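Novice: pasting the structure only:
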């Protein structure tokens, strides 16, 4: 394995020994509990690059399990509606584009949530519509605009 891949796998297998960032993210998630610690002084501000790589952990600390379930539920609803819209699309190109956008959002959410929870190795993928980053936000809102435009054309708006 290359050194970067080995480092990421080591961080995933034993975050408390190999990754201070991952360990602090897991502590932040644990601090959130069921209802969250609120939006005040949170421990997640100690995590480097919390605004892009560990914002799922920061949301879990602030909103708790119930709040993060609502965020994931909102993204799941968006994916489900996009995939349902693809079934009504008259042209194969529209169908594939809508399935691609829905899959993009679902996979991104799954990978970043799994990485922040320690279930998957961290990859640096952003959480759709939430992560700080100009290109990520721009592309996600651009794809959402395309989905909304297609929805109005298909008549399921």
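Specialist: Alright, I've got the coordinates. Since the structure is predicted, the reported quantities are computational estimates derived from the model, not experimental observations.

Novice: By average pLDDT, which secondary structure element in this protein comes out worst?
Specialist: Here the helix or strand of the chain ranked lowest by mean pLDDT, DSSP states H and E is helix 15-18, holding a mean of 69.

Novice: Please, which helix or strand holds the residue nearest the centre of the chain?
Specialist: The residue lying closest to the centre of the chain (CA atoms, centre = their mean) is residue 127, at 2.8 Å. Applying DSSP states H and E as the criterion places residue 127 outside every helix and strand.

Novice: how near is it to residue 138?
Specialist: As judged by CB to CB, to the nearest Å, residue 127 and residue 138 stand 15 Å apart. Backbone N, C-alpha and C define where each C-beta goes, glycine included.

Novice: got the buried residues for the host helix or strand of residue 72?
Specialist: Under DSSP H and E, the secondary-structure element containing residue 72 is helix 55-88. Going by neighbour count (16 or more other CB atoms under 10 Å), the buried part of helix 55-88 is 55-64, 67-68, 71-72, 75, 78-79, 82-83, 85-86.

Novice: same question, stretch 137-157
Specialist: Neighbour counts over stretch 137-157 (16+ other CB under 10 Å) mark 140, 143, 144, 147, 150, 151, 154 as buried.

Novice: Also stretch 119-126?
Specialist: Buried, per 16+ other CB under 10 Å, within stretch 119-126: 121, 122, 125, 126.

Novice: would a markdown table of the residues you listed with pLDDT be doable?
Specialist: Formatted as a markdown table, the buried residues of stretch 119-126 follow (pLDDT from 0 to 100):
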| residue | pLDDT |
| --- | --- |
| 121 | 75 |
| 122 | 76 |
| 125 | 79 |
| 126 | 82 |
